[in-house]
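Participant: 3D model of this:
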Amino acid sequence: MEAGNLIVLVALIALLIILGRLSIRIVREYERLVVFRLGRALGARGPGLVLLIPFVDASVRVDLREIFFDVEPQTTITKDNAPLSIDFLVYMKVIDALSSVLEVEDFRGASRGIATTTLRALVGDMILDDVLARRDQLNEWLQDKLDEVTNRWGIKVTAVEIREIIPPREIQEAMSRQMSAERHRRATVTDADGRREAAIKVAEGDRQARILQAQGQREAQILEAEGERQALILRAEGVAAGLERIHQIARGLDSNTMSLEYLNAIRALGGTEATKFVIPMEFTTLLTTLRGHTANMGADGGVAPPEAS
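Facilitator: The predicted structure follows:
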């Protein structure tokens, strides 16, 4: 009897353990548990401890962390009939656990298929040069198109990154030749720009030199003219000083002596060939006076005046 009770106790304990494992679920922070009861969706549960009814409830775990998958290289044809091999990465995350279970069987596989067809559609509407030059914009277009489709599945496409675009060999060789020609053209333009800049600098230097030379000549001419002006001023001041001296001497002399002093002063002023005098009519009176004065000097034993011719 005791052995039978022990067996029953062990069986009950085993049953409780089995029921506990079937009814208790621990859901992590980054997970959600979609619960079905008799086939009907009850919703997403978690995080934390979730209790289920054994043999009645069923559950599906959904990871909410961001995931990514690699799309294998796809051969696409551009609008100008250039074949390209393109591979890229798709980043996404579940934002609605219930929809990701109810709306699509395998959202990863479905997203990969949608990404492939969307890429071919977009590249087919673009020419080769645009595909190669507008990679960032192509990433954005792919992300927007994928997000439109996956949104109803409760999936958010966070990013699309094209890893490599490989054109055919002949196109690569043509692109290499084009790049070489472009580099040669840029080098030629750079060299021409350098020559032009050098010529401009040389011409500017010559112009500055001519300006400085002209300024030097002008300043020299100004200094020379200033010197001549100062010399003329000094000569005029000398003449004025001489006349002033004659005037001072004349104050203490009689008319005859003053006339002689005037003649001596005029003789001194006329010492150069460039000096000319304009003699007024009143000067004859002075000459008559001087003639009489010299005659008196001759009668007194002085020197007789010269004969007038």
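Participant: Who does Leu51 form a beta bridge with?
Facilitator: As for beta bridges, Leu51 partners with Ile24 under DSSP bridges.
Participant: residues contacting it?
Facilitator: Applying Cβ atoms under 8 Å, 6 or more residues apart in numbering to Leu51 gives the contacts 23-25. (Each C-beta comes from the backbone N, C-alpha and C, glycine too.)
Participant: again with Gly216
Facilitator: With Cβ under 8 Å, 6+ apart, Gly216 has no contacts at all.
Participant: now the helices for the stretch 151-300 of the chain?
Facilitator: 169-250, 255-269, 283-299 (DSSP state H, counting those that start in this stretch).
Participant: The ones you listed: lowest mean pLDDT?
Facilitator: Ranked by mean pLDDT, the helices of the stretch 151-300 of the chain end with helix 283-299 in last place, scoring a mean of 54.
Participant: give me the element Val34 is part of.
Facilitator: Assessed by DSSP states H and E, Val34 sits inside strand 31-37.
Participant: avg pLDDT for stretch 6-16?
Facilitator: Averaged across stretch 6-16, pLDDT comes to 78.
Participant: Same question for stretch 112-121.
Facilitator: Average pLDDT, stretch 112-121: 91.
Participant: re earlier: which entries within the contacts of Leu51 meet the buried criterion?
Facilitator: Buried by 16 or more other Cβ atoms under 10 Å: Arg25, out of those.
Participant: Which of the contacts of Leu51 sits closest to Ser99?
Facilitator: Nearest to Ser99 among these is Arg25, at 20.4 Å by Cβ to Cβ.
Participant: who are the neighbours of the strand holding Val34, in terms of helices and strands?
Facilitator: Applying 3 or more Cβ pairs under 8 Å, 6 or more residues apart in numbering; DSSP states H and E, we find strand 31-37 packed against strand 40-45, strand 57-63, helix 97-102.
Participant: As CSV, the ones you listed with mean pLDDT and mean neighbour count would be great.
Facilitator: Listed next are the helices and strands packed on strand 31-37 as CSV, based on pLDDT from 0 to 100; neighbours: other Cβ atoms under 10 Å:
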stretch, mean pLDDT, mean neighbour count
strand 40-45, 94, 15
strand 57-63, 93, 16
helix 97-102, 94, 20
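Participant: how about CSV for the ones you listed, with distance to Gln74 added?
Facilitator: Converted to CSV, these look like this (distance: least, Cβ to Cβ, whole Å):
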stretch, distance to Gln74
strand 40-45, 35
strand 57-63, 27
helix 97-102, 25
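Participant: between the ones you listed, which gets nearest to Ser180?
Facilitator: strand 57-63 (50.3 Å).
Participant: what does the closest one rub up against?
Facilitator: Contacts of strand 57-63 (Cβ under 8 Å, 6+ apart): 23, 25, 27, 30-37, 42, 44-45, 50, 52, 94, 97, 100-101.
Participant: and the angle from it to strand 31-37?
Facilitator: Angle, strand 57-63 to strand 31-37, by axes from the mean of the first three to the mean of the last three Cα atoms, to 10 degrees: 160 degrees.
Participant: Centre of the chain to strand 57-63, how far?
Facilitator: Remark: strand 57-63 is offset 58 Å from the chain centroid, using Cα atoms, centre = their mean, to the nearest Å.
Participant: Direction included, what does that strand pair against?
Facilitator: Applying DSSP bridges, strand 57-63 is found paired with strand 31-37 (antiparallel).
Participant: what comes up buried for the strand it pairs with?
Facilitator: Of the residues in strand 31-37, those buried (16+ other Cβ under 10 Å) are 31-36.
Participant: Which of those residues sits closest to Arg163?
Facilitator: Of all the buried residues of strand 31-37, Glu31 has the smallest distance to Arg163: 30.0 Å, by Cβ to Cβ.
Participant: show me what contacts the closest one?
Facilitator: Neighbouring residues of Glu31 by Cβ under 8 Å, 6+ apart: 46-47, 61-64.
Participant: Noted, bye for now.
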